[in-house]
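Colleague: Sequence and predicted structure are below.
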Amino acid sequence: MSVADRLEKIKKALPKGVALIAVSKTQPIGAIQAALRAGQRRFGENKVQELTEKAQRLRGENIEWHMIGHLQRNKVKYIAPFVDLIHSVDSFRLLCEIDAQAVKNNRIIPVLLQIKIAEESSKFGLSELEALDILKCDQTRSLKNIEIRGLMGMATLTDEPSKIRREFNRLKDFFTRLKKDYKPAIDTEKLTELSMGMSGDYKLAIRCGSTTVRIGSAIFGPRNPGPRQTR
């Protein structure tokens with residue numbers, strides 16, 4: 001099955017209002033171009049170097065680039081000029097650095113706070129209390145060149161759907177509580193995005209309330225050789 005065929009199948013199955021991020025990490029430029037020809041515009045990468053190289057090579061194309069992997073503060077400057085959404089903000093210091101680089105580029109950069117919902121030690125993310133502290137503090141309000149759009153989470157890599165469901169539901173419940181219980185301390189009108197679900201669990205994520213799914217292998221096929229990938 002071709003990239004275009006896989007994309008069409010997935011898009012037909014997505015409910016209205018659920019955004020699709022095509023995760024193109026480790027994929028060649030030709031695979032991205034095939035997805036572009038099939039009408040896909042949002043692409044996600046998890047490594048800064050790979051993201052910047054692909055953005056340069058595909059400059060001029062109508063692409064929306066999403067940073068979905070762990071982001072180090074010293075690498076924000078490389079993607080700040082063009083990134084459309086950073087899904088993986090896992091500290092206040094990183095948020096401040098994104099704001100500083102956005103100022104330098106005369107941009108407002110949308111971001112999501114990554115919440116740690118998985119039990120795996122390899123997963124990054126904030127606790128609910130840490131996220132609340134960031135959202136409620138006056139220092140965050142002083143950052144005028146970032147816009148917090150919502151939350152992101154990655155479930156445990158497991159074959160137990162019940163465990164994944166519990167983790168997704170926990171994130172959805174937190175998202176709902178933020179929007180309901182913390183006005184006016186938090187500008188809840190801007191909290192619209194809940195990014196959770198990948199190739200192996202996106203259907204379950206949607207049932208649990210995801211507004212954005214990040215799908216790679218189900219679109220592009222098996223990963224190219226590279227670092228160990230999840231899902």
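Modeller: Received, thanks.

Colleague: who's in contact with I79?
Modeller: By C-beta atoms under 8 Å, 6 or more residues apart in numbering, the residues touching I79 are V48, L51, T52, A55, W65, M67, I86. Yep, even glycine has a C-beta here, placed from its N, CA and C like the rest.

Colleague: again, 10 Å this time
Modeller: I79 sits next to E45, V48, L51, T52, A55, W65, M67, L71, I86, I98, Q101, I109 when contact means C-beta atoms under 10 Å, 6 or more residues apart in numbering.

Colleague: Can you list which of the residues you listed are found in strands?
Modeller: The strands in this structure, assigned by DSSP state E, contain E45, W65, M67, I86, I109 from the contacts of I79.

Colleague: What is the burial count for the closest residue to the last one other than its chain neighbours?
Modeller: Distances taken as C-beta to C-beta, 6 or more residues apart in numbering place A102 nearest to I109, at 4.5 Å, with adjacent residues excluded. A102: 23 surrounding residues under other C-beta atoms under 10 Å.

Colleague: What score does A102 have for pLDDT?
Modeller: Among the per-residue scores, A102 holds a pLDDT of 98.

Colleague: Same question for G226.
Modeller: Reported pLDDT at G226 in the predicted model: 49.

Colleague: same deal with the one 5 residues further on?
Modeller: Per-residue confidence (pLDDT) for R231: 37.

Colleague: Next secondary structure after the longest helix along the chain?
Modeller: Looking across the chain with DSSP state H, the single longest helix is helix 161-181. Downstream of helix 161-181, the next assigned helix or strand under DSSP states H and E is strand 193-195.
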